[in-house]
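Asker: coords please:
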Amino acid sequence: MEVINPITSAIVKNAMDGETIKSLSDKIGFAYSAVYKWIMVLKEHDVIYLIEKGNRSIIKVNKNNIYRKFIELNDAVAIVEKDRMFWDLIKNIKLKIRFIESTAIVVWTQGSYITGDFLEKIYFLEVYHRDLNRLKKILKKQKIDYSEKREMTGKRPVVYLTSCKNEFRIKHREGLPVVPLQELVRWCKKLHLENVLEQLDSLYSLNLSAKYSEIKTNMR
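Answerer: Sure, this is the predicted structure:
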């Protein structure tokens, strides 16, 4: 029998010491019979204890290793869902924004060059200053973490916002607003991101004078 499923995940995530199976089933929206069945399974794995008080069974949560694994899984799923929500939001938002820096690299290389920040679900977004407060309100409403400072945080996904008072150009790739390619190239050159420049050159025939790949360098 599969112990991990939507019902057991909801039970572990939401169960509170002292409540009844009935109150828990009402809270998580599953039928009482289903919640009762899976609580019995979790009881066998020592995740849930039941204390009999009169004609009621009171829940006691045992935060053992299995419980912690459930919580880790729920957290991981929540991050994936929030990340998907973020990308859908960006495609439909009606504000002057664009991806910059390492996030723009991933967008322009069509995912063939994935940066460490992107893998960590850290995104860099530039916003026109008049739209900044509106964007922050939208992100806050969707419970997507953001910061205007480049400070370390363990929250994921996280969006680092850069406010710009000057007008800027936007290109769209796969429905995503992003800094224009030539502007990204200049930024990469400034930071000597040779591998990125090589990838962009191969994709868009930019006729960059220098060749950057390690293989081509070794062949000279």
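Asker: Could you list the low-pLDDT ranges of this structure?
Answerer: Flagging of the chain using pLDDT under 70 yields the residue ranges 1, 209-220.
Asker: Helices along that one, start to end?
Answerer: Secondary structure of the chain by DSSP state H: the helices cover 6-14, 21-28, 32-44, 65-92, 101-108, 116-119, 132-141, 181-190, 194-204, 214-219.
Asker: Which residues are in contact with residue 177?
Answerer: Residues counted as contacts of residue 177 (Cβ atoms under 8 Å, 6 or more residues apart in numbering) are 90, 97-99, 170-171. Every C-beta, even on glycine, is put in place using the N, C-alpha and C of the backbone.
Asker: In strands only, show me those.
Answerer: 97-99, 171 (DSSP state E).
Asker: Could I get the contacts of residue 177 in CSV, plus columns for distance to residue 125?
Answerer: Below are the contacts of residue 177 laid out as CSV (distance: Cβ to Cβ, whole Å):
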residue, distance to residue 125
90, 8
97, 6
98, 7
99, 6
170, 12
171, 15
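Asker: export those residues to a markdown table and tack on neighbour count and distance to residue 114?
Answerer: Output for the contacts of residue 177, formatted as a markdown table (neighbours: other Cβ atoms under 10 Å; distance: Cβ to Cβ, whole Å):
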| residue | neighbour count | distance to residue 114 |
| --- | --- | --- |
| 90 | 18 | 18 |
| 97 | 23 | 22 |
| 98 | 26 | 19 |
| 99 | 25 | 14 |
| 170 | 15 | 23 |
| 171 | 18 | 20 |
